[in-house]
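In: I'd like to go over a predicted model; first the sequence, then the structure.
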Amino acid sequence: MIVKKIISLLITFFIVFLLFSKQAMASNQLNLISDTAVLMDAKTGQILYEKQMDKVKYPASITKIVSVYLSFLGTNPNDKITVCKDDYLSDLSVTHVALLDGEVVTLRDMQNAAILMSANDACNVIARHVGGDYDTFIERMNKFASDVGCTSTNFTNPHGLPDPNHYTTAHDMAMMTREAIKSKEFMELLGTNSYNMPATNKQPERPFSTRDAMLKHYEKYYYPYAIGGKLGWTEEAHHTKVTVAEKDGRTLIAVVMDSTHPESKYKDTIKLLDYGFNEFGGYNILPQTVQSKEIQVKDGANPVGHLELFLSSPEKVYLQKSINVNDISYEFPNIESIEQADIDKEKFYLEVKLPDYASDVMYSTTITLKLDTKFVPNLSKVTIPPKKDQLIWLSKEIGEIIGISFGITMSSVLFILLIILIRKYIIIYRRKKHKRMLAIKRKKQLEAMRIIERQKSPYRMTATYNMRSNTNQNISNNQYNTKPKVNNTIGTNKKRPRH
């Protein structure tokens, strides 16, 4: 009896342990120290991991990803900029590169200073040059955040120094980074290790070097797949970090925020990237496997057609390797009708429904794909008139058909005649061309014969000339001196003269 109780207790304890283990695995436990974090696939935007990713935080210097990216749009890196007192920082204890009033620098210098050295004064120079003035540039930063889909971001400066109204989230930061790294020039800068700023009219050459240990081969936290990154820190924000890594053709974006220890931002980032690269496999969702959906389109109360929602091309998603792809399903947006004026404004997404057990092995089970749309208007139906007018109606229809057929026939005949005329003209042209070529060839041959005759020896030419002259003279005498023949044989014994 006691043995049975012990066995039942052990079984109960084992079941509770399994349930607790599943809950722990599903509750964002990668043992991250950072308060918020997110791991995003750069190509698809799919969230592979998240920990309070929509919690508002101070970004610190990872703000510079946005300001420097915007400086690449419609500008020339070689632009000359003169530093002014408005670019100075009120607090010189923060990071800067000691720019002086009247110093002439290039936009490229300031971009490298902002990313590699996290120079706040360089960001002020960028904002004034690119935006025309400081406030206009801040408006551009906020517009960019809104355009990429950020919902919890507001910028008040281009560098990220503390301000209660300057905030974002890990999720928003990943979306902005995803858009920024589409620029080849910006991505190259984000992965740069060092840069030498040339001497200016005020100061000698200044060397810059990245502070991101994941990009340096000799550092403890060097990560071989990291291709770019940006650090941030203030007392209010604590440590923040954005990292871009690439492996086997996949690019991941890791964001960690509010990390209290200098090394924790590196440890958390490496955990995120290893998890994304090692635990997920790619799966293509083919259009033929997803049924389309039709939504009624109205103009007020009047139906005017329908809107087709469908996938036009294969879409890749990343699933935890233990998930069976045959267990996934798809769910279209629950919309039955839409106003015609709102078609271009609305965006539609297909939700990839994962099996229930996916929550045990995946930290984020929300996967959405953007759907393509096609508006199909209602076709007007042919109305048959009353019976007494059917004959008239039928004759009109037949007349229209005959008229169309006659027009098509005449067009075809005219087209054939045109082809025949063109062909005949081509034949005549080719014959004339052939005759001209033969005449030219014959002329060239005669000229060649004359040249050969001129090249003969003088004796032969003289002899030939004399021979031709004598021959011509004899022919001439015979032609003009020969008398007509007279038959004198009858009644005379004279002989006929010999010629």
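Out: Looks like it came in fine. Numbering: from 1, shown residues only.
In: Can you classify R108 as helix, strand or coil?
Out: For R108, the assignment made with DSSP: H, G, I helix; E, B strand; the rest coil gives helix.
In: Do I have it right that it meets T75?
Out: No. With contact defined as C-beta atoms under 8 Å, R108 does not count as touching T75 (10.0 Å). Every residue, glycine included, has its C-beta placed from N, CA and C.
In: More neighbours: those two, which one.
Out: The neighbour comparison of R108 against T75 (other C-beta atoms under 10 Å) goes to R108, with 18 against 14.
In: residue contacts, that one?
Out: Contacts of R108 were listed using C-beta atoms under 8 Å, 6 or more residues apart in numbering, and they are P77, N78.
In: residues contacting G229?
Out: G229 sits next to L190, G191, D212, M214, L215, K241, V242, T243, V244 when contact means C-beta under 8 Å, 6+ apart.
In: ok, what's across the strand from N284?
Out: Note on N284: beta-bridge partners by DSSP bridges are K316.
In: which one of the contacts of G229 is nearest T44?
Out: V244 (15.0 Å; C-beta to C-beta).
In: any idea which helix or strand carries that closest one?
Out: Assessed by DSSP states H and E, V244 sits inside strand 238-247.
In: Also I428?
Out: In the assignment (DSSP H and E), I428 maps to helix 390-454.
In: So which bits of stretch 251-269 are buried?
Out: 251-259, 264-269 (16 or more other C-beta atoms under 10 Å).
In: With only the CA atoms kept, save that stretch in PDB.
Out: In PDB, the C-alpha atoms belonging to stretch 251-269 read as follows (Å, rounded to 0.1, in the frame of the first residue of the first chain):
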ATOM      1  CA  THR A 251      20.000  37.700 -41.900                       C
ATOM      2  CA  LEU A 252      18.800  38.200 -38.400                       C
ATOM      3  CA  ILE A 253      18.300  41.400 -36.300                       C
ATOM      4  CA  ALA A 254      18.700  41.200 -32.600                       C
ATOM      5  CA  VAL A 255      17.700  44.100 -30.300                       C
ATOM      6  CA  VAL A 256      18.200  44.200 -26.500                       C
ATOM      7  CA  MET A 257      17.200  47.200 -24.300                       C
ATOM      8  CA  ASP A 258      17.500  48.200 -20.700                       C
ATOM      9  CA  SER A 259      20.300  45.800 -19.900                       C
ATOM     10  CA  THR A 260      21.800  46.700 -16.500                       C
ATOM     11  CA  HIS A 261      25.300  45.100 -16.900                       C
ATOM     12  CA  PRO A 262      27.900  46.100 -19.600                       C
ATOM     13  CA  GLU A 263      28.400  42.500 -20.600                       C
ATOM     14  CA  SER A 264      24.800  41.300 -20.500                       C
ATOM     15  CA  LYS A 265      24.000  43.100 -23.800                       C
ATOM     16  CA  TYR A 266      26.600  40.900 -25.500                       C
ATOM     17  CA  LYS A 267      25.500  37.700 -23.700                       C
ATOM     18  CA  ASP A 268      21.800  38.200 -24.500                       C
ATOM     19  CA  THR A 269      22.500  39.100 -28.100                       C
END
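In: measure stretch 230-243 end to end?
Out: Distance across stretch 230-243, first residue to last, is 7 Å (C-alpha to C-alpha, to the nearest Å).
In: Next, format the contacts of G229 as a markdown table and append pLDDT, neighbour count and distance to W233.
Out: Shown next, in a markdown table, are the contacts of G229 (pLDDT from 0 to 100; neighbours: other C-beta atoms under 10 Å; distance: C-beta to C-beta, whole Å):
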| residue | pLDDT | neighbour count | distance to W233 |
| --- | --- | --- | --- |
| L190 | 96 | 26 | 18 |
| G191 | 96 | 18 | 21 |
| D212 | 96 | 26 | 12 |
| M214 | 97 | 26 | 15 |
| L215 | 96 | 20 | 17 |
| K241 | 98 | 27 | 9 |
| V242 | 98 | 29 | 13 |
| T243 | 98 | 29 | 15 |
| V244 | 98 | 23 | 19 |
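In: after the lowest-mean-pLDDT helix or strand in the chain, next one along is what?
Out: Within the chain, no helix or strand scores below helix 2-25, which has a mean of 47 by mean pLDDT, DSSP states H and E. Downstream of helix 2-25, the next assigned helix or strand under DSSP H and E is strand 36-41.
In: For A213, grab the count of nearby residues.
Out: Close neighbours of A213, defined as other C-beta under 10 Å, add up to 19.
In: Apologies, that question was intended for S194.
Out: S194: 11 neighbours (other C-beta under 10 Å).
In: Now do the closest residue to it other than its chain neighbours against Q203, distance only.
Out: Distance criterion C-beta to C-beta, 6 or more residues apart in numbering; nearest residue to S194, sequence neighbours excluded, is S209 at 4.8 Å. Note on S209: its distance to Q203, by C-beta to C-beta, to the nearest Å, is 18 Å.
In: ok so, going back, in contact with the residue nearest to S194, which residues are there?
Out: Counted by C-beta under 8 Å, 6+ apart, S209 has contacts L116, M117, N193, S194.
In: Please tell me how far the first one sits from R206.
Out: Same thing as L116. From L116 over to R206 the distance is 11 Å, taken as C-beta to C-beta.
In: Of those two, give the one with the bigger neighbour count.
Out: L116 (24 against 17).
In: per-residue confidence for the more buried one?
Out: As predicted, L116 sits at a pLDDT of 96.
In: Just to check, it is in contact with T192?
Out: Yes. The pair L116 / T192 is scored as a contact, 6.5 Å apart, by C-beta under 8 Å.
In: Now for the two: what residues contact both?
Out: T210.
In: Quick one: name whatever helix or strand follows the helix or strand hosting I115.
Out: Per DSSP H and E: I115 is located in helix 107-116. Next along the chain after helix 107-116, taking DSSP H and E as the criterion, comes helix 120-131.
In: and the next helix or strand after that next one with helix 120-131, angle?
Out: Using DSSP H and E, the next helix or strand after helix 120-131 towards the C-terminus is helix 134-147. Angle of helix 134-147 versus helix 120-131, following axes from the mean of the first three to the mean of the last three C-alpha atoms, to 10 degrees, is 80 degrees.
In: Show me the contact partners of helix 134-147.
Out: Contacts for helix 134-147 (C-beta under 8 Å, 6+ apart): 66-67, 69-70, 86, 124, 126-128, 130-131, 153-158, 168, 172, 176, 179.
In: try stretch 189-203
Out: 65, 68, 97-98, 100, 102-105, 109, 111-113, 115-116, 181, 205-210, 215-216, 227-230, 244.
In: Could you pick out the buried ones from these?
Out: 65, 68, 97, 103, 105, 109, 111-113, 115-116, 181, 206, 208, 210, 215-216, 227-230, 244.
In: who does T251 bridge with?
Out: E246.
In: Tell me which stretches of the stretch 51-200 of the chain form helices.
Out: Along the stretch 51-200 of the chain, counting by DSSP state H, counting those that start in this stretch, helices occupy 64-70, 107-116, 120-131, 134-147, 170-180, 184-190.
In: re earlier: what angle separates the strand holding V244 from strand 36-41?
Out: 20 degrees.
In: hmm, back to that, could the contacts of S209 be laid out in JSON lines, adding distance to N324?
Out: Formatted as JSON lines, those follow (distance: C-beta to C-beta, whole Å):
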{"residue": "L116", "distance to N324": "46"}
{"residue": "M117", "distance to N324": "50"}
{"residue": "N193", "distance to N324": "43"}
{"residue": "S194", "distance to N324": "48"}
